[in-house]
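Peer 1: The amino acid sequence is not available; the structure is as follows:
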């Protein structure tokens, strides 16, 4: 009998029925992609869904774009090892969503953009647009790689696939349906996948509760004795990463960077049929993000209680981030395990599809069409988008093989986002609110912001959630001062006031 050691790591938990369930799931994804496929798609269709989407699928897609296996496995793992205090990082997204509605949404909905960084060229010049687009390619490419890597351990434990095999399977399937259908396929698969994710989590939650001797009372007592229910840490120390102040205040800056400057999220705004629909979707996100993350954190405390009652199993647990997969393999029925695996597949592939679609959009709109082929036709841009989707799929899948070096899943992406997100947000805020900011000043601010964040990260013990605040503060301060020293022209009003004035007239 032929053996494939690269793909098969250990005897699989699944039987024929469970594999058929996974096959049906993959078939449904391909069907959605094929249904959205248009051979003669135009840019507005492929990159912006013809700007015809309603608020509900857009809101679910925005939430799904950041609810990957990083969250599904990382949040229970973090609560298992620590407590619930990282919840305030999720709460910061709720705060940021309302700020986005006020600050950024009028720009994105009225300028009818394909890439958010087009606005920066209109306000500054092509250098600023190119720099910020390049920073986005870096940050989102890294996020997609982590999102693919995160579930590899779970999938290998339960299905028998090796980690490289699981990564290749997710990467290959996601590239196919994203390439076929563009952003419309991404959004509708997000809706489908998000439903599977939380169906699986609900079942696992119930199964975990049933296996703790003494039920909910025992979970509460064990968690309380170990300090797992602690949700507020008021420590003023700058090196306590999940204290209230860095997670809520610093987290809000990082969330603003994601929701306000990250093409993977902004591309959903561009698909909405009206500004009111987009605002409604963000209000829904601000509500849904709270229970979504809290449930996963509480699940980690339930798992902690179970393992405290089963010390032999606790001794065999490889790491906190493996706890959900370890419990699933040893304790859950195979069909329930299949549902959870489907949910993890769904979350990871949803984030990957969103990521590579936005990476392809920026590659085509900000580089291919703007710099290399200014006269590119609609058809050439769509073909370029499909080629770029395949290319970024390959790059991020390969990158996923090395993503395990970033530490705990719950904070892995925050480490990367902190370096770049605050700087990008600072450039956008200069563009929107400053009357004096120039292209040269914005570039000087970005360089200073990156340099200061690097020093804080490598030269101090300041917690990672402060990186974004440091980056945005330095970028704005240096950018404004440099612009004034260069003596650029003073605008009659800021872009923020200009957009509001135009809005009143229309």
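Peer 2: Yes, it's here. Model, not experiment: these values are computed from the prediction.
Peer 1: Only C-alpha atoms from now on, for both contacts and neighbour counts.
Peer 2: Noted.
Peer 1: does residue 236 sit in a helix or strand, and which one?
Peer 2: Secondary structure from DSSP states H and E places residue 236 outside every helix and strand.
Peer 1: what sits against it?
Peer 2: If a contact means C-alpha atoms under 8 Å, 6 or more residues apart in numbering, then residue 236 has 243, 245 as its contacts.
Peer 1: Okay, residue 308 and residue 85: tell me how far apart.
Peer 2: According to C-alpha to C-alpha, to the nearest Å, residue 308 and residue 85 sit 21 Å apart.
Peer 1: ok, the two, which is more surrounded?
Peer 2: Per other C-alpha atoms under 10 Å, whichever of residue 308 and residue 85 has more neighbours is residue 85, with 22 against 16.
Peer 1: isn't that one right next to residue 246, touching?
Peer 2: No: counting by C-alpha atoms under 8 Å, residue 85 sits too far from residue 246 to count as a contact (10.9 Å).
Peer 1: ranges for the helices of the stretch 351-500 of the chain?
Peer 2: Ranges of helices in the stretch 351-500 of the chain, per DSSP state H, counting those that start in this stretch, are 378-400, 409-433, 439-459, 467-486, 495-505.
Peer 1: Identify the residues contacting the fourth one?
Peer 2: The contact list for helix 467-486 (C-alpha under 8 Å, 6+ apart) reads 250-251, 253-254, 417-427, 429-430, 434, 436-438, 440-450, 452-453, 456-457.
Peer 1: Return the set of buried residues in it.
Peer 2: Residues of helix 467-486 classed as buried: 467-484 (neighbour count, 16 or more other C-alpha atoms under 10 Å).
Peer 1: got the angle between that helix and helix 439-459?
Peer 2: For helix 467-486 against helix 439-459, the angle by axes from the mean of the first three to the mean of the last three C-alpha atoms, to 10 degrees is 140 degrees.
Peer 1: Remind me what the helix or strand where residue 294 lies packs against, helices and strands.
Peer 2: Taking DSSP H and E as the criterion, residue 294 maps to helix 275-308. If contacts are counted by 3 or more C-alpha pairs under 8 Å, 6 or more residues apart in numbering; DSSP states H and E, helix 275-308 sits against helix 55-64, helix 69-81, helix 87-103, helix 105-110, helix 163-211, helix 215-225, helix 311-315, helix 323-331.
Peer 1: Centre of the chain to it, how far?
Peer 2: A distance of 14 Å separates the centroid of the chain from that of helix 275-308, by C-alpha atoms, centre = their mean, to the nearest Å.
Peer 1: what does stretch 459-466 give?
Peer 2: 22 Å.
Peer 1: Low-confidence bits of the stretch 251-400 of the chain, can you list those?
Peer 2: The stretch 251-400 of the chain contains residues with pLDDT under 70 at 270, 272-273, 339, 342-343, 345-347, 350, 378.
Peer 1: Now with 80, please.
Peer 2: For the stretch 251-400 of the chain, residues meeting the criterion pLDDT under 80 lie at 262-276, 319, 321-322, 325, 328-330, 332-355, 357-358, 368-386, 399-400.
Peer 1: Same question for the stretch 401-506 of the chain.
Peer 2: 401-419, 463-464, 486-506.
Peer 1: swap in the stretch 1-150 of the chain?
Peer 2: Along the stretch 1-150 of the chain, the model assigns pLDDT under 80 to residues 1-74, 106-116, 139-140, 142-150.
Peer 1: OK, contacts around residue 92?
Peer 2: Going by C-alpha under 8 Å, 6+ apart, residue 92 touches 247, 248, 249, 251, 252, 255.
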